[in-house]
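Peer 1: below is the sequence, then the predicted model.
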Amino acid sequence: MAVWAETAPWTVLGPLNMFKVAWVNRGSPVANYIVVPPAETCQAECRIARMWAVLFWGLQTAVSVAILRRALQPRAAALAKTVVGVTLCVAFYENVVREIVAAAGIVHLLAAACLAAGVPAESPFRSIRDLYVKLRGIVAQFGIVWIVVHWVCYGATILAFWLALGAGVDVASYAHGVPLVGDALATKLDGLDTANPLTRLSVAWACAFATAPLRLVSDLLLTLLIGTLLRKARNKPKKA
């Protein structure tokens with residue numbers, strides 16, 4: 001599975017990058033996260049660089065497909081992964097690419113080690129039908145439970161904020177700790193009069209919505225707990 005997880009994305013990234021280099025030939029919005037500034041424009045201005053780029057992505061795609069289809073001997077595949085991994089790491093060392101490319105190089109070297117050790121490039125799902133069956137089983141067991149748990153927790157959060165605002169609790173000071181939107185939310189709360197019940201309700205709803213990512217873990221744990229208990233209750237043999 002490790003080899004499959006590392007190899008499968010290249011079957012998509014390869015053709016996309018070939019199209020980008022050969023036809024679009026423009027700088028990417030995320031290029032500054034991948035390469036150093038001079039490298040962002042030199043490829044677009046150099047035909048030989050674009051040729052080598054298309055060659056690289058084409059071979060990456062071909063090798064990846066061959067590995068997934070087991071049409072390439074593991075040692076040959078490991079050698080190909082090693083060449084790519086070492087090249088990317090050296091490019092990072094020479095300050096041509098950034099950390100994310102170096103990480104990709106390390107992943108290539110790990111995949112090469114797995115291939116050399118004889119680890120097969122097996123997909124975690126033998127077919128789309130297996131994936132569908134697994135997902136259907138998960139939804140059947142936990143789907144309804146998750147919906148109920150989510151909305152009950154959502155409503156309880158709104159009620160808790162509504163009561164806290166009504167009791168005069170300084171919710172704005174707590175909002176600063178909310179990731180991403182905490183500071184903006186606290187600023188909005190400072191300028192609102194929550195004495196009006198409707199205003200307080202809308203503010204409580206906004207706070208509950210802003211803190212939704214924090215409830216994901218509790219929602220998931222409650223769903224797994226309740227779903228497991230319900231399954232055990234259904235499977236428990238009835239007394240005669």
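Peer 2: Arrived safely.
Peer 1: how is this protein partitioned into domains?
Peer 2: 2-116, 128-235 (automatic domain parsing).
Peer 1: for stretch 12-28, what is the average pLDDT?
Peer 2: For stretch 12-28, the mean pLDDT works out to 77.
Peer 1: can you redo the domains of the chain as a markdown table with mean neighbour count?
Peer 2: For the C-beta atoms, the positions are set from N, CA and C on the backbone; glycine is no exception. A markdown table is the format used below for the domains of the chain (neighbours: other CB atoms under 10 Å):
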| stretch | mean neighbour count |
| --- | --- |
| domain 2-116 | 16 |
| domain 128-235 | 14 |
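Peer 1: ranking those domains by mean pLDDT, which is last?
Peer 2: domain 128-235 (a mean of 74).
Peer 1: setting aside sequence neighbours, what's the nearest residue to residue 157?
Peer 2: residue 208 (4.2 Å; CB to CB, 6 or more residues apart in numbering).
Peer 1: sec struct for the one you found, please.
Peer 2: Three-state assignment for residue 208 (DSSP: H, G, I helix; E, B strand; the rest coil): helix.
Peer 1: from memory it sits against residue 151, does it?
Peer 2: No. Counting by CB atoms under 8 Å, residue 208 sits too far from residue 151 to count as a contact (11.2 Å).
Peer 1: contact partners of stretch 55-63?
Peer 2: 10-11, 13-15, 17-18, 21, 72, 77, 80, 84 (CB atoms under 8 Å, 6 or more residues apart in numbering).
Peer 1: quick check: chain neighbours aside, which residue is closest to residue 84?
Peer 2: Closest to residue 84 by CB to CB, 6+ apart is residue 108, at 4.9 Å.
Peer 1: give the other helices and strands that whichever strand or helix holds the one you found contacts.
Peer 2: In this structure, residue 108 sits in helix 99-116 according to DSSP states H and E. Judged by 3 or more CB pairs under 8 Å, 6 or more residues apart in numbering; DSSP states H and E, helix 99-116 is in contact with helix 2-7, helix 74-93.
Peer 1: just put those in TSV and tack on distance to residue 227.
Peer 2: Converted to TSV, those look like this (distance: least, CB to CB, whole Å):
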stretch	distance to residue 227
helix 2-7	27
helix 74-93	40
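Peer 1: among the contacts of stretch 55-63, which ones are in strands?
Peer 2: With strands taken from DSSP state E, there is no overlap with the contacts of stretch 55-63.
Peer 1: look up how far residue 162 lies from residue 49.
Peer 2: Going from residue 49 to residue 162 by CB to CB, to the nearest Å gives 60 Å.
Peer 1: contacts only, for residue 217.
Peer 2: With contact set as CB under 8 Å, 6+ apart, residue 217 has no partners.
Peer 1: which element, helix or strand, includes it?
Peer 2: Residue 217 belongs to helix 212-235, assigned by DSSP H and E.
Peer 1: dump that helix to PDB, restricted to CA.
Peer 2: C-alpha atoms of helix 212-235 as PDB (Å, rounded to 0.1, in the frame of the first residue of the first chain):
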ATOM      1  CA  ALA A 212     -17.300  23.900  14.000                       C
ATOM      2  CA  PRO A 213     -13.800  22.500  13.300                       C
ATOM      3  CA  LEU A 214     -13.200  22.100  17.000                       C
ATOM      4  CA  ARG A 215     -16.300  19.900  17.200                       C
ATOM      5  CA  LEU A 216     -15.200  17.500  14.500                       C
ATOM      6  CA  VAL A 217     -13.200  15.300  16.900                       C
ATOM      7  CA  SER A 218     -16.000  15.200  19.500                       C
ATOM      8  CA  ASP A 219     -18.600  14.500  16.700                       C
ATOM      9  CA  LEU A 220     -16.400  11.700  15.300                       C
ATOM     10  CA  LEU A 221     -15.800  10.100  18.700                       C
ATOM     11  CA  LEU A 222     -19.400  10.200  19.800                       C
ATOM     12  CA  THR A 223     -20.500   8.800  16.400                       C
ATOM     13  CA  LEU A 224     -18.100   5.900  16.700                       C
ATOM     14  CA  LEU A 225     -19.100   5.200  20.300                       C
ATOM     15  CA  ILE A 226     -22.800   5.400  19.700                       C
ATOM     16  CA  GLY A 227     -22.600   3.500  16.400                       C
ATOM     17  CA  THR A 228     -20.600   0.700  18.000                       C
ATOM     18  CA  LEU A 229     -22.900   0.400  21.000                       C
ATOM     19  CA  LEU A 230     -26.000   0.300  18.700                       C
ATOM     20  CA  ARG A 231     -24.400  -2.500  16.600                       C
ATOM     21  CA  LYS A 232     -23.600  -4.500  19.700                       C
ATOM     22  CA  ALA A 233     -27.100  -4.000  21.000                       C
ATOM     23  CA  ARG A 234     -28.600  -5.200  17.700                       C
ATOM     24  CA  ASN A 235     -26.300  -8.200  17.600                       C
END
